[in-house]
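Colleague: here is a sequence together with a model predicted from it:
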Amino acid sequence: MEAKQSLGRKKELRSKLLGFRNSFDVKYVGEASDAICKKLRTKIICYDYLFLYNSFGKEISLSSLFNNKNIALPVVSRKKMFFRLISENTSYQKNKYGIDEPTSGEIVEPTESSIIILPSLALTKEGERLGYGGGYYDRYLSGHNCKKIGVCYKEFIVNSVFSEEHDIKVDEIITN
């Protein structure tokens, strides 16, 4: 019963926050994304591989980091996710969520010398993350040991995301 209540509260919070985020103007989204990417640049220098994401809607954009070394982007296939290395020659295709995914490039796995930046709708100060409800990152990260950074708008640091046992925490939080 408690799990159902938690799931319901999570869904309600997700819906409320998505509505609020969709009200942000494009200028604010750009400024927040720039501020977060500036902070990330100081963190990513010592890592061999950067596991990023392609943003959609008014999500924090990391595209200014794509010109760094060894960038990998996620691909969703059925209920699984994997990452492909990208280059200037990479072609993309929209997935069922409308997010551009690389259609070519070596499939890579994160290691201890990798860092993964997670798209986060909301985060708690303790590193609990509210995603979009698909569980892709939680399933993927359960089998990998790498540095995990959650990024979100400063307005979306909350007291609780109604975290469940299977939810993976981030190691660090970066906001605008």
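Modeller: Arrived safely, thanks for sending.
Colleague: who are the contact partners of the residue lying closest to residue 41 once chain neighbours are set aside?
Modeller: Once flanking residues are discounted, residue 41 sits nearest to residue 65: 7.3 Å by C-beta to C-beta, 6 or more residues apart in numbering. Placement of C-beta: from N, CA and C, glycine included. With contact set as C-beta atoms under 8 Å, 6 or more residues apart in numbering, residue 65 has these partners: 37, 40-41, 44, 50, 52, 71.
Colleague: for residue 62, same thing?
Modeller: Taking C-beta under 8 Å, 6+ apart, one finds 33, 36-37, 40, 52-53, 55, 117, 151 in contact with residue 62.
Colleague: most neighbours among those, which one?
Modeller: Counting neighbours by other C-beta atoms under 10 Å, residue 151 leads the contacts of residue 62 with 28 neighbours.
Colleague: residues in contact with the worst-scoring helix or strand of the chain on mean pLDDT: which ones?
Modeller: Least confident helix or strand of the chain, by mean pLDDT, DSSP states H and E, is helix 2-22 with a mean of 86. If you take C-beta under 8 Å, 6+ apart as the criterion, helix 2-22 is touched by 57-59, 121-122, 130, 132-133, 153, 155-156, 158, 161-162, 164.
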